[in-house]
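Asker: give me a 3D structure for the following:
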Amino acid sequence: MEIDLTGQVAVVTGASGKLGTLWVEALTAAGAAVAALDLREAPDTAGTEPETGRVLRLTADVTDRESLRTALERTCAQLGAPTVLVNNAGIDQPPSTEGGSWLFEDIPDGLSEAVLAVNVLGVLKVCQVFGADMARRGRGSIVNIGSLYGNVAPDLRMYAHLPLDPPFLKPPAYGASKAGVSALTRYLATLWGPHGVRVNTLSPGGVLGGQDSTFLDRYTSRVPLGRMARPADLTGPLLFLASDLSSYVTGHELMVDGGFVSW
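Answerer: Coordinates of the predicted model:
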């Protein structure tokens with residue numbers, strides 16, 4: 001069954017990132033007009049993709065409520081009132097020999113504060129602007145992008161082969177932030193359910209994308225389906241939550257992890 005979002009207006013934050021690009025492509029392919037928000041400036045392509053959906057590129061900062069209000073005004077003026085919101089903007093630190101490494105007690109305050117400011121407070125602020133507008137209009141679906149690591153701790157043995165001293169640590173603020181996103185989802189689902197707005201979390205597991213072979217072997221050995229996620233594995237769940245196919249689903253966290261948390 002194909003999902004048809006013709007006539008819907010979607011907003012995607014962090015739209016220029018790896019997953020953000022995927023969400024924008026999936027939503028436009030389903031027929032939605034999309035306001036693609038990111039810190040990085042991009043050309044306005046509204047009206048240039050008539051076969052699928054339109055894309056309006058907007059510069060906005062999820063930590064700045066005023067810039068979000070401006071983005072909402074432009075979205076309404078050029079595309080219409082948003083009916084779908086994908087809170088995707090986030091800060092992560094994948095395992096790499098090029099990044100810094102710290103002992104837990106030495107993790108810089110600035111790193112933790114930046115992760116929490118974008119990943120949790122940013123989602124809150126976007127919902128205060130775009131979600132509240134949906135609630136006033138009595139219609140909408142919000143999909144907050146969570147993570148596997150909002151539910152389980154990173155297995156540091158997967159990174160033990162990286163030649164870093166001290167050894168690589170996934171920032172603890174990342175998992176804390178994604179757990180916070182799930183809690184915020186439940187809060188907003190109860191707040192806005194009576195106003196016709198559904199709020200859910202989509203939490204991907206690891207997504208294939210240039211990881212080294214040792215990490216791949218260690219990670220996939222922990223996945224019942226035996227592999228990392230491919231982009232096509234994520235778009236169906238997103239469109240399900242965005243569309244009326246999930247009309248009786250709210251306050252839910254949909255894990256798309258190949259069964260990782262089952263063990």
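Asker: OK, contacts around the closest residue to residue 133 other than its chain neighbours?
Answerer: Sequence neighbours aside, residue 72 is the residue nearest to residue 133 in space, at 6.1 Å (criterion: Cβ to Cβ, 6 or more residues apart in numbering). Every residue, glycine included, has its C-beta placed from N, CA and C. Counting by Cβ atoms under 8 Å, 6 or more residues apart in numbering, residue 72 makes contact with 82, 129-130, 133.
Asker: what does residue 80 give?
Answerer: Counting by Cβ under 8 Å, 6+ apart, residue 80 has contacts 9, 33.
Asker: just the element for it, please.
Answerer: Using DSSP states H and E, residue 80 sits in no helix or strand.
Asker: give me the distance between it and residue 220.
Answerer: Distance of residue 80 to residue 220, given as Cβ to Cβ, to the nearest Å: 43 Å.
Asker: quick check on residue 207: phi, psi?
Answerer: phi -110, psi 130 (degrees, to the nearest 10).
Asker: same check on residue 172?
Answerer: phi -60, psi -30.
Asker: ok, residue 167 next?
Answerer: Per degrees, to the nearest 10, the backbone of residue 167 is at phi -60, psi 160.
Asker: now do the SS call for the residue lying farthest from the centre of the chain.
Answerer: Distance from the centre of the chain peaks at residue 165, with 31.0 Å (Cα atoms, centre = their mean). Following DSSP: H, G, I helix; E, B strand; the rest coil, residue 165 is assigned to coil.
Asker: which residue packs closest to it, ignoring adjacent ones?
Answerer: Residue 165's closest residue in space is residue 101 (Cβ to Cβ, 6+ apart), at 7.2 Å.
Asker: is it correct that the residue nearest to residue 133 falls within a helix?
Answerer: Yes. According to three-state DSSP, residue 72 belongs to a helix.
Asker: quick one: it and residue 81, what's the gap?
Answerer: The value you get for residue 72 to residue 81, if Cβ to Cβ is used, is 9 Å.
Asker: okay, and the common contacts of the two?
Answerer: Joint contacts of residue 72 and residue 81 (Cβ under 8 Å, 6+ apart) are residue 133.
Asker: what comes into contact with stretch 250-259?
Answerer: Contacts of stretch 250-259 (Cβ under 8 Å, 6+ apart): 146, 148, 151, 182, 185-186, 189-190, 193, 198-206, 223-229, 233-234, 237, 240-241, 261.
Asker: okay, and which of these map to helices?
Answerer: 182, 185-186, 189-190, 233-234, 237, 240-241 (DSSP state H).
Asker: out of these, the closest to residue 33 would be?
Answerer: residue 241 (18.2 Å; Cβ to Cβ).
Asker: what residues sit buried inside stretch 196-207?
Answerer: 197-207 (16 or more other Cβ atoms under 10 Å).
Asker: nearest to residue 64, of those residues?
Answerer: The closest of the buried residues of stretch 196-207, once distances to residue 64 are taken by Cβ to Cβ, is residue 199, at 22.2 Å.
Asker: could you check how far residue 134 is from residue 218?
Answerer: 41 Å.
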